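K.L.:
fold the following and give me the result.
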Amino acid sequence: MKNLNGVNVVSSTSYQNASAVQIEYTFSKDMDEAKTEVEDALSKLPFPEGVNEPEVSRLSFNAFPIIALSVANEEQSLDQLTREVEEIIVPQLEGVEGVASVQVSGQQIQEAQIVFDEDKLAQYGLSEDTIKNIIKGSDVTAPLGLYTFKDSQKSVMVDGDIATIEDLKDLKIPVIPSAGGNMEAPQGQGGQNPQASEAPAGMKIPTIQLSDVAEIELIGKAESISRTNGKESIGIQVIKTADANTVDVVNAVKDEVNVFEKELEGVEIISTFDQGEPIEESVSTMLNKALFGAVFAVIIILLFLRDIKSTLISVVSIPLSLLIAIFTIKTDGYHFEYHDPWSHDRSDWTCH
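P.N.:
Numbers count the residues shown, from 1 in each chain. This next block holds a predicted model:
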């Protein structure tokens, strides 16, 4: 990192099997150029054998949540609360103007648990790896391109047909008759054995169902543990679009939260992080200071002129003259442009 220009701070975090390096640049640094320089520097570094290709990504303030919510309902199970959050709350929040995405954590996810019967596997000459490869191969979705059918072209794709737990139970597992009359399954990658799969022409390869050699059940488990005030909850993080106003989006989300708490029985939604509140406090403080300054200026002018009429004329004429000057500049085709220090090299005001 010594040869990188514009670097301000470098910090790193290491884990058991991974390491992350954060590089902070000065305001004047072009971030596209910085990313290219880092990628070039990494390409020249020798890494130990077994290390994956390093990834470089830019961190944007727009990628961070502007408000985080915790949803809890003591009257519902985590499974019921998950369905309510994913089917009602999240779609409503995603429809709020200015919301780019909504992230959910701590929800319950459904997964199929497969417990193989070792005796049945031995009976059919199957192995767990063979069946796992067949399951993976049966759940692949991939486009094959455009093909001509009569007078029209259509897009063809391979679509995995495992959508429900019943589809998984009914999955056909091919077994190949061995020379001794026993059933053997095709082996190797994807469940294919070049030698065993060469069945006589016209012979139909026998199959069994996955449920014949394994017990399959759908289980639910929490993706992560989320608790708020001791209650089991689901976390929601709202991310705004780049051009949206933070305060407006946060207030719109809060309005939706009030609706949820009224319409959804037993639901308790708590805000655990809010970027809009400190912004509103800062604006309020600024306005209070401006008002205090204006009153103080009026008092000073009054003490200096010692005449209420002259003071009122000054109080009205000074801001009025500024407004007239700004209006004149605008009508003459001039405009002021501010260069954002986060994305440009300059951070000053320019008049055109």
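
K.L.:
show me the shaky parts of this protein.
P.N.:
1-2, 16, 60-62, 139-144, 157-161, 163, 176-204, 219-224, 333-352 (pLDDT under 70).

K.L.:
how about the helices in it?
P.N.:
Listed in chain order, the helices of the chain (DSSP state H) span 31-43, 78-84, 90-94, 118-124, 128-138, 165-169, 246-263, 276-305, 308-331.

K.L.:
mind putting these into TSV with mean neighbour count and distance to Ser105?
P.N.:
C-betas here are computed from N, CA, C, even on glycine. Compiled in TSV, those are given as follows (neighbours: other C-beta atoms under 10 Å; distance: least, C-beta to C-beta, whole Å):
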stretch	mean neighbour count	distance to Ser105
helix 31-43	14	28
helix 78-84	18	11
helix 90-94	16	12
helix 118-124	13	37
helix 128-138	17	27
helix 165-169	15	25
helix 246-263	16	17
helix 276-305	12	21
helix 308-331	11	48
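
K.L.:
now distance to Ser19 too, for the ones you listed, in a markdown table please.
P.N.:
Output for the helices of the chain, formatted as a markdown table (distance: least, C-beta to C-beta, whole Å):
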| stretch | distance to Ser19 |
| --- | --- |
| helix 31-43 | 12 |
| helix 78-84 | 34 |
| helix 90-94 | 34 |
| helix 118-124 | 41 |
| helix 128-138 | 30 |
| helix 165-169 | 38 |
| helix 246-263 | 33 |
| helix 276-305 | 33 |
| helix 308-331 | 53 |
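
K.L.:
for the ones you listed, which one sits closest to Arg227?
P.N.:
With C-beta to C-beta as the measure, helix 78-84 is the member of the helices of the chain nearest Arg227 (11.2 Å).

K.L.:
so what's the residue most central in space within the chain bridging to?
P.N.:
For the chain, Gln103 is the residue whose C-alpha lies nearest the centre (C-alpha atoms, centre = their mean; 5.6 Å). Per DSSP bridges, the residues bridged to Gln103 are Gln237.

K.L.:
how near is the residue nearest to Leu302 when sequence neighbours are not counted to Thr148?
P.N.:
Nearest residue to Leu302 in three dimensions, chain neighbours excluded: Thr311, at 4.5 Å (C-beta to C-beta, 6 or more residues apart in numbering). Thr311 sits 87 Å away from Thr148, going by C-beta to C-beta, to the nearest Å.

K.L.:
one more: Ser155?
P.N.:
11 Å.

K.L.:
re earlier: quick one, what contacts the residue nearest to Leu302?
P.N.:
Val298, Ile301, Leu302, Leu305 (C-beta atoms under 8 Å, 6 or more residues apart in numbering).

K.L.:
relative to Lys231, which of the helices of the chain is closest?
P.N.:
helix 78-84 (10.4 Å).

K.L.:
list the helices and strands that closest one packs on?
P.N.:
If contacts are counted by 3 or more C-beta pairs under 8 Å, 6 or more residues apart in numbering; DSSP states H and E, helix 78-84 sits against strand 108-116, strand 214-222, strand 231-240.

K.L.:
return the set of buried residues in the first one.
P.N.:
Put plainly, it is strand 108-116. Gln108, Ile114, Phe116 (16 or more other C-beta atoms under 10 Å).

K.L.:
output those as CSV; include the columns distance to Phe273.
P.N.:
Listed next are the buried residues of strand 108-116 as CSV, based on distance: C-beta to C-beta, whole Å:
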residue, distance to Phe273
Gln108, 23
Ile114, 39
Phe116, 45
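
K.L.:
distance between stretch 282-293 and the chain's centre?
P.N.:
37 Å (C-alpha atoms, centre = their mean, to the nearest Å).

K.L.:
next one: stretch 237-247
P.N.:
Centroid displacement of stretch 237-247 relative to its chain, using C-alpha atoms, centre = their mean, is 13 Å.

K.L.:
need the contact partners of that stretch.
P.N.:
Applying C-beta under 8 Å, 6+ apart, the external contacts of stretch 237-247 come out as 62-69, 93, 97-105, 249, 253, 275-276, 279-280.
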